[in-house]
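*Asks:* Predicted structure and sequence below. I'll ask about it afterward.
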Amino acid sequence: MVTKLRSRNLWLWLFVVAGVLFGAGSGFWLGTQWKATSTDRPPLRPSSEAAASVRLTGKTAVSTARSAPPLPKRHDYSRLTLRLSLDGPNDTLNALAFSPDGRFLAAAGGHYGEAPEIPPDAEGRGGGYGEIPETGEILIWKTDLFSIFSTLRMSNWAATSVCFSPDSSTIACGSAPRTYAQLWDVASSREIYRLTECSGGEFAFDPTGRYVASYDAIRDARNGKVVHPLGLSPSGSKVAFTPSGDKLIYAMGFIDVKTGVMDQRFGNEKGPFSLWSERAVECSPDGNYVICGYRLRRFPDLQPVDEIGSFRITKGYIKDVAFSPDSQTVAIAFYDGTVGLWDLSSLRLLNSSQTESGRACSVCFSPDGKYFVVGPLDGKVSIWEAPVR
């Protein structure tokens, strides 16, 4: 009897062990098949980009929903605090720009040397002074500590404009009224290419970063080849793409990028109070407003909200304009060094100041709206910090 029981127990144990081994082997085979299936075939995705996808990590399901980018915080530009001042380019500062990712701040300007003296000829005729030599200089700071990241140089002319590509990898600088521009890779400070037959003035990237526009043409940003000639003038004027990228705004109207049709409805308008300036061109980040010619207009119907004459705090011409990231505030800089910030919903003046040098200046906002930067023509770059509302 005892022998039979032991024999039965032995067979029972063998059956259990075989079952465990079979289960483990099956699990391993199924696991390899799932792995092969998941790598060989792309996972199914919902049709909507905003729908959530799920990936398996062990026994935990992790959601990877694509959420919309957060709206920029609203800042109170009536209560600005000076955080620090930076030394700008030598001799002159002409333009400022933040990179779209907020990591860099760039200032474009240059150095002017002494004009060479030209002696008279043997008969005592002629003589005088030659052309003043120029050297372009673009300073790039990292915004975490506002320390110098790199210095770019234009060998022949002072830089009068600067802008970043949408992915913050490329920086474009022009020199007006010269027909000269250069593009660099930001990370390596390596020159990508230069343009010697262009408007040389202001440049703007479209929202995709595929195209770069100036007053004379829309070009392929990768190689500078002309995609669509524009032939606008003068060369120092500013251009700006709408957030959708389908229109290019300039001082006298806009251009439909796809069809090339030009609407110059503002070409015959004259600004009040001597405020008109061809640098008064900008589109708000939300696409609802444009400053075009000398008026603030709603977009896309381009009906005037009010004349920039309502923003008059000086008799000087406009040097630069900028919208805050939340599209609720507009900053206007004048050639006499006056800077004003207005609330767009009420057209109420929030803040104003005068640069110490009393010279023309440039303005820009950081992408998160935290900083408002002012750069006078021959002074220091001032970094102002705005509290969150």
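*Replies:* Nice, I can see it. Residues are numbered from 1 along each chain as shown.

*Asks:* From now on I want contacts and neighbour counts done on CA atoms only, so please keep to that.
*Replies:* Fine.

*Asks:* so where's the stretch 1-150 of the chain uncertain?
*Replies:* Scanning the stretch 1-150 of the chain with the threshold set as pLDDT under 70 gives 1-71, 112-118, 127-134.

*Asks:* Next: the stretch 151-300 of the chain.
*Replies:* Using pLDDT under 70 as the threshold, the predicted model of the stretch 151-300 of the chain has low-confidence ranges 177-179, 199-200, 232-236, 252, 263-279, 293-294.

*Asks:* let's go with 90 and repeat that
*Replies:* Scanning the stretch 151-300 of the chain for pLDDT under 90 picks out 153-161, 174-181, 194-203, 213-218, 227-240, 242, 244-282, 289-300.

*Asks:* what about the helices in it?
*Replies:* For the stretch 151-300 of the chain, helices defined by DSSP state H, counting those that start in this stretch do not occur.

*Asks:* Relative to Asp76, how far out is the nearest residue to Thr355 once chain neighbours are set aside?
*Replies:* Taking C-alpha to C-alpha, 6 or more residues apart in numbering, and ignoring the residues beside it in sequence, Thr355 has Gly337 as its nearest neighbour in space, at 5.2 Å. Between Gly337 and Asp76 the distance, using C-alpha to C-alpha, to the nearest Å, works out to 22 Å.

*Asks:* more crowded one of the two?
*Replies:* Neighbours were tallied for Gly337 and for Asp76 using other C-alpha atoms under 10 Å; the higher tally belongs to Gly337 (24 against 17).

*Asks:* Isn't the more buried one up against Pro376?
*Replies:* Yes. Applying C-alpha atoms under 8 Å, one finds Gly337 in contact with Pro376, separated by 6.7 Å.

*Asks:* quick one: the residue nearest to Thr355 and Pro304, what's the gap?
*Replies:* Applying C-alpha to C-alpha, the value for Gly337 to Pro304 is 26 Å.

*Asks:* do the same with Val261
*Replies:* Relative to Pro304, Val261 is positioned 22 Å away (C-alpha to C-alpha).

*Asks:* Those two: which is more packed in?
*Replies:* Counting neighbours by other C-alpha under 10 Å for Val261 and for Pro304 shows that Pro304 has the greater number, 17 against 11.

*Asks:* What residues does the closest residue to that one other than its chain neighbours make contact with?
*Replies:* Take Pro304 and drop its neighbours on the chain: the residue closest to it by C-alpha to C-alpha, 6+ apart is Arg297, 4.1 Å away. Contacts were defined as C-alpha atoms under 8 Å, 6 or more residues apart in numbering; by that measure Arg297 touches 289-291, 303-306.

*Asks:* Could you do Ala181 as well?
*Replies:* Shown here is Ala181, whose contacts under the criterion C-alpha under 8 Å, 6+ apart are 172-175, 194-196, 198, 200-201.

*Asks:* Can you say which of the residues you listed are buried?
*Replies:* In those, burial by neighbour count holds for 172-175, 194-195, 198, 200-201, counting by 16 or more other C-alpha atoms under 10 Å.

*Asks:* Narrow those to those in strands?
*Replies:* With strands identified by DSSP state E, the entries of the buried ones among the contacts of Ala181 that belong to them are 172-175, 194-195.

*Asks:* Quick check: the gap between the closest residue to Asn288 other than its chain neighbours and Ala122.
*Replies:* Residue nearest to Asn288 in three dimensions, not counting chain neighbours: Phe299, with 4.9 Å by C-alpha to C-alpha, 6+ apart. Distance check for Phe299 against Ala122: by C-alpha to C-alpha, it reads 65 Å.

*Asks:* These two: which has the busier surroundings?
*Replies:* Residue environment comparison for Phe299 versus Ala122 gives the larger neighbour count to Phe299, 17 against 7, counting by other C-alpha under 10 Å.

*Asks:* do you know how far that one is from Ser327?
*Replies:* Distance from Phe299 to Ser327, counting by C-alpha to C-alpha: 13 Å.

*Asks:* measure stretch 188-203 end to end?
*Replies:* In stretch 188-203, first residue to last residue: 21 Å (C-alpha to C-alpha).
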